[in-house]
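Asks: How does the following fold in three dimensions:
(2 chains)
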Amino acid sequence: MSRLKKLRLFGRTRDLELQIDDFLDKLSESTVMFRLGVRTYLKEGSNGEFEQKLMAVNTLESEADNLRRSIEKELYTHTLIPDARGDVLGLIETLDHVMNLFEGVLWSISIETPDIPNEFKSGYRKLTNMVALAAEALVLAARSFFHSPHAVGEYNHKVIIYEKEADKISTQLKREIFDSDLELARKIHLRNFVEQIDNVADWAEDVADRLAIYAIKRTV
Amino acid sequence: MDPSILIFLSSGLFLGWALGANDAANVFGTAVGTRMIRWGTAAIICSIFVVLGAVVSGAGSSHTLGKLGAITALPGAFMTALAAAISVYLMTKAGLAVSTSQAIVGGIVGWNMFTGQPTDTKILTTIVTTWFLCPVLSAVIAVILYKALRVYLRHAELHLVRTDAYLRFGLLIAGAFGAYALGANNIANVVGVFIPATPFPDVHFGGFIFTASHQLFLAGGLAIAFGVMTYSKRVMMTVGGGLGRISPIAAFIAVISHSIVLFAFASRGLEAWLLSMGLPTIPLVPVSSSQAVVGAIVGIAILQGASGIRWRVLGNIVMGWIATPILAGIICFFGLYFLQNVFDQTVF
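Replies: The predicted structure is shown next:
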């Protein structure tokens, strides 16, 4: 009887591990789709391929939402990791928001179809790349929180570097936009997208800061 | 059976109940307090293994107490156990750390003094030395195990969720071992003084003899289990929260170290093995479960930089070491006087 219970206990553990890994996979995949989506739009405008990437991020986001709910339920109904479940929950929820931001950017592009002059496209591309790098480093930091918390700092450091670079690129891009001869309304429209994309890197940095504390708590 | 036997045994059983209520928290308190294990599960496992430990391995430390003072009359044994129980109660009321082991030894020495029996100073010295050794040994074991576990966890790179599941299982096993060790080591405090004056006959069934001492161990074990079932919940919750924030890993190490120490001071098997290897043996002496746990936690705290140690609590423990046996000895001495002269009972 107790043997059976033990086996089931570790079975549940495996399920939960897989769910957390799966959730992080979704985030990683949505980072790739986000990057490809923005690049496609910059190159070809809002076409079928762009819409496909948007739908991919959309689907990944709702799958991740389901996983998040299931992980939360599992943690609380079976009082697992009582000392760290608050942190795990906070982490999963803030990571989930990264996907919401990706989705938000792509939806805005799809609805507003901003007319981006060619001279600014490379700036947008660089910014998107940097944001995607920050998000990918964040996924690695989150994975290492679960397996080897002492290594979190290494990845967090990268998130912070990419966020700083993204800030520099976005400031430069906004300056160029407002120095141009475009109408004010277009300038503001274009700036809005710069900020929306850059915002993902800012958020990734906030999550990395929290993650650093969670990791310290685990290594003490 | 003469009903007066039950009355005389009652003080020992009461001491057993108090031990169960208090010391089960040393074994499962942190696990229950940190919500790693449910109280119900903890109480059932604790009760079963306490009784097993008492019946299977209780003889070693009881034998040592018997050498300190062989109380030959049941009323004398009653008063010795009662003196210990009263001191435990008074010390707990005063908020001082208390150990049933120290109380019962004080009681026995009180009985020796009243009856004019010589106290074997060699055995007394061994016992007192052991009391100091117990928390120190527990601390040393905790430090070694904690370091080893930390290195292992760092290299194993287990998933957080898996570490948690293993730890939960580990706490359960460590708790069962702890309860067994507690029963084996501390049963001597509860019924040890009754052994020379035991009122029970040996029972034979098949080729198996259930000796009088084993019957006493069973009764004492059940009294401890009763204490666990009826009163340990609150103490466990307090221990879980009262020690400040202690990580489940530190809790696991504390319980394991405590259990190893209690087992080492109770196991005749270990003694025989050490002898066969030509190594010095560990005296079989009832030690304090609380002090073993506190020793382990202090050990881990020192490893982490000693900032978490509350020296006042340590001071309390040292005070308890000195005050408990003296108090129990005095109460026993005067109690025996009353029992003999007012109630007209034979106390030796």
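
Asks: Can you tell me how far B:Ala59 is from B:Gly66?
Replies: The span separating B:Ala59 from B:Gly66 equals 10 Å under the rule Cβ to Cβ, to the nearest Å. In this view, the C-beta of every residue, glycine as well, is placed from N, C-alpha and C.

Asks: For those two, work out which one has more neighbours and name it.
Replies: Applying other Cβ atoms under 10 Å in any protein chain shown to B:Ala59 and B:Gly66 shows that B:Ala59 carries more neighbours, namely 22 against 19.

Asks: Can you give me every residue that contacts the more buried one?
Replies: Contacts here follow Cβ atoms under 8 Å, 6 or more residues apart in numbering or on different chains; on that basis B:Ala59 touches B:213, B:217, B:268.

Asks: which among the residues you listed end up buried?
Replies: Buried subset of those (neighbour count, 16 or more other Cβ atoms under 10 Å in any protein chain shown): B:213, B:217.

Asks: which one of the contacts of B:Ala59 sits closest to chain A?
Replies: Using Cβ to the nearest Cβ, the shortest approach to chain A within the contacts of B:Ala59 belongs to B:Phe217, at 25.4 Å.

Asks: In three-state terms, how would the spatially most central residue of chain A be classified?
Replies: By Cα atoms, centre = their mean, chain A has its centre lying nearest to A:Val98, at 3.4 Å. Of the three states, A:Val98 takes helix under DSSP: H, G, I helix; E, B strand; the rest coil.

Asks: contacting residues for it?
Replies: By Cβ under 8 Å, 6+ apart, the neighbours of A:Val98 are A:27, A:135, A:138, A:200, A:203-204, A:207.

Asks: switch the cut-off to 6 Å
Replies: A:Ala135 (Cβ atoms under 6 Å, 6 or more residues apart in numbering or on different chains).

Asks: who does the lowest-mean-pLDDT helix or strand in chain A touch, helix- and strand-wise?
Replies: Using mean pLDDT, DSSP states H and E, helix A:2-44 stands out as the lowest-scoring helix or strand of chain A, at a mean of 86. In terms of contacts (3 or more Cβ pairs under 6 Å, 6 or more residues apart in numbering or on different chains; DSSP states H and E), helix A:2-44 is packed against helix A:48-77, helix A:85-112, helix A:118-147, helix B:160-191.

Asks: Dump those into TSV; add mean pLDDT and distance to B:Val293 as well.
Replies: What follows is these, written out as TSV (pLDDT from 0 to 100; distance: least, Cβ to Cβ, whole Å):
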stretch	mean pLDDT	distance to B:Val293
helix A:48-77	94	29
helix A:85-112	95	26
helix A:118-147	96	31
helix B:160-191	89	9
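
Asks: Now render those as TSV, adding distance to A:Arg191.
Replies: Formatted as TSV, the helices and strands packed on helix A:2-44 follow (distance: least, Cβ to Cβ, whole Å):
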stretch	distance to A:Arg191
helix A:48-77	21
helix A:85-112	13
helix A:118-147	11
helix B:160-191	41
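
Asks: Out of the contacts of B:Ala59, which is nearest to B:Ala24?
Replies: Nearest to B:Ala24 among the contacts of B:Ala59, counting by Cβ to Cβ, is B:Phe217 at 17.5 Å.

Asks: Quick check: end-to-end length of stretch A:179-186?
Replies: 12 Å (Cα to Cα, to the nearest Å).

Asks: what residues are up against residue 101?
Replies: By default, I'm working from chain A. A:Val200.

Asks: actually it's chain B I care about, not the one you picked
Replies: Taking Cβ under 6 Å, 6+ apart as the test, what B:Ser101 contacts is B:189, B:286-288.

Asks: which one of the helices and strands packed on helix A:2-44 lies closest to B:Ile71?
Replies: helix B:160-191 (11.5 Å).

Asks: For the closest one, which residues meet the burial criterion?
Replies: Under 16+ other Cβ under 10 Å, the buried positions of helix B:160-191 are B:160-172, B:174-191.

Asks: Repeat that for stretch A:40-51.
Replies: A:40-42, A:46, A:50.

Asks: What's the end-to-end length of that stretch?
Replies: Start-to-end, stretch A:40-51 (Cα to Cα) is 10 Å.

Asks: outside of it, which residues touch it?
Replies: Outside stretch A:40-51, the residues touching it (Cβ under 6 Å, 6+ apart) are A:37, A:109, A:113, A:121, A:124-125.

Asks: Using a markdown table, lay out the residues you listed together with neighbour count.
Replies: Listed next are these as a markdown table, based on neighbours: other Cβ atoms under 10 Å in any protein chain shown:
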| residue | neighbour count |
| --- | --- |
| A:Gly37 | 26 |
| A:Ile109 | 22 |
| A:Thr113 | 12 |
| A:Lys121 | 14 |
| A:Tyr124 | 22 |
| A:Arg125 | 16 |
